[in-house]
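1. give me a 3D structure for the following:
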Amino acid sequence: MLHKTRGIVFRFTRYGESSIIVNIFTELFGLQSYIVNGVRSNSSKSKMALFQPLTLLDLVIYHRENANILRIKEVRCAFPYTSLPRDVKKSSIALFLNEILNKSVKEQSHSQEVFSFVFNSLSTLDLLTEHYENFHLVFLVKLSRFLGFGVNHPKEILGGAFDAGEEESILHQLISSDYQHRISINSQQRRNMLDLLVRFYAIHVDHFGEIKSVQVLREVLS
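-> Sure, this is the predicted structure:
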């Protein structure tokens, strides 16, 4: 049955000589896998841009319950990024967010709420012109609420590892901030907050594993 839905590309893998299997987080059906034939052929390579990680899409898809791999009838970009692919800091943040999403967004329950949050967050990141160096930290705090282990107090993240003080004060700001709010912290404090939040996710998300893009993010935002 045909359905119109928005989607966010999470990842793709090559399939055969010219096709891909693309994992897309859809607004209507949560995380789904689609086969796209011929997209890697010389005549269709321009279409591969639509299936790069975190591309925001408008889709017409064939959907069948319990099907492992589905097909896409129509696809177009829903929100063309302008600054995100060209800004090194933003693209590094996006790389990190993509890895977090691939590891933590696994269920279809509450998919529309999670989808709207992620879609709006990515478009906001692209549009921001300043004070986005802490975007990933605020994103992690906000996303945790949609995943069922949201933070109400810094001590839930600190876990007794630190005495109340500098870290708790910064976390208070992150918990209450939106993306446009400026939080004055230095590079070392930003790294500490990132380590704390990644550890917090590792505790709550099954099979979370290592986040490989953390090191890149530390270097770019230092």
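2. every contact and neighbour count from this point should use C-alpha atoms.
-> Noted.
3. buried ones in the lowest-mean-pLDDT helix or strand in the chain?
-> Using mean pLDDT, DSSP states H and E, helix 154-158 stands out as the lowest-scoring helix or strand of the chain, at a mean of 86. Judged by neighbour count using 16 or more other Cα atoms under 10 Å, the buried positions of helix 154-158 are 154-155, 157-158.
4. point out where this protein drops to low pLDDT.
-> Along the chain, the parts satisfying pLDDT under 70 run over 42-46, 108-109, 160-164.
5. tell me the domain ranges of it?
-> For the chain, automatic domain parsing gives the domain ranges 2-77, 88-220.
6. output the longest strand belonging to this structure.
-> strand 2-15 (DSSP state E).
7. where exactly do the helices run in this structure?
-> 88-104, 111-127, 135-146, 154-158, 166-176, 187-204, 214-220 (DSSP state H).
8. between the third one and helix 111-127, how big is the angle?
-> Pointing back at helix 135-146 there. Taking axes from the mean of the first three to the mean of the last three Cα atoms, to 10 degrees, one finds helix 135-146 and helix 111-127 inclined to each other by 170 degrees.
9. quick revisit: which strands or helices does the longest strand of the chain pack on?
-> strand 19-26, strand 56-62, helix 88-104 (3 or more Cα pairs under 8 Å, 6 or more residues apart in numbering; DSSP states H and E).
10. deepest in the core, which of the ones you listed is it.
-> Most buried of those by mean neighbour count (mean count of other Cα atoms under 10 Å) is strand 19-26; its value is a mean of 23.
11. was I right about residue 194 contacting residue 135?
-> No - counting by Cα atoms under 8 Å, residue 194 does not reach residue 135; the two are 11.0 Å apart.
12. higher neighbour count, those two?
-> residue 135 (24 against 19; other Cα atoms under 10 Å).
13. pull the distance from stretch 69-76 to the chain's centre.
-> For stretch 69-76, the distance from its own C-alpha centre to the chain's C-alpha centre is 21 Å (Cα atoms, centre = their mean, to the nearest Å).
14. buried stuff in it?
-> Of the residues in stretch 69-76, those buried (16+ other Cα under 10 Å) are 70-72, 75.
15. show me which of those residues is closest to residue 96.
-> Distance to residue 96 across those (Cα to Cα) is lowest for residue 75, with 25.3 Å.
16. now do the closest one against residue 183, distance only.
-> 38 Å (Cα to Cα, to the nearest Å).
17. ok, now residue 93?
-> On the measure of Cα to Cα, residue 93 and residue 183 end up 17 Å apart.
18. residue contacts, residue 170?
-> residue 185 (Cα atoms under 8 Å, 6 or more residues apart in numbering).
19. same question, the one 3 residues further on
-> For residue 173, the set of contacting residues under the criterion of Cα under 8 Å, 6+ apart consists of residue 183.
20. number of nearby residues for residue 195?
-> Neighbourhood size, residue 195 [other Cα under 10 Å]: 12.
21. and the closest residue in space to residue 213 that isn't next to it in sequence, how far from residue 212?
-> In this structure, residue 213 finds its nearest non-sequential neighbour in residue 96, 5.4 Å apart by Cα to Cα, 6 or more residues apart in numbering. From residue 96 across to residue 212, the span is 8 Å (Cα to Cα).
22. before we move on, what about residue 56?
-> Noted for residue 56: a distance of 23 Å to residue 212, by Cα to Cα.
23. for residue 122, same thing?
-> From residue 122 to residue 212 the distance is 20 Å (Cα to Cα).
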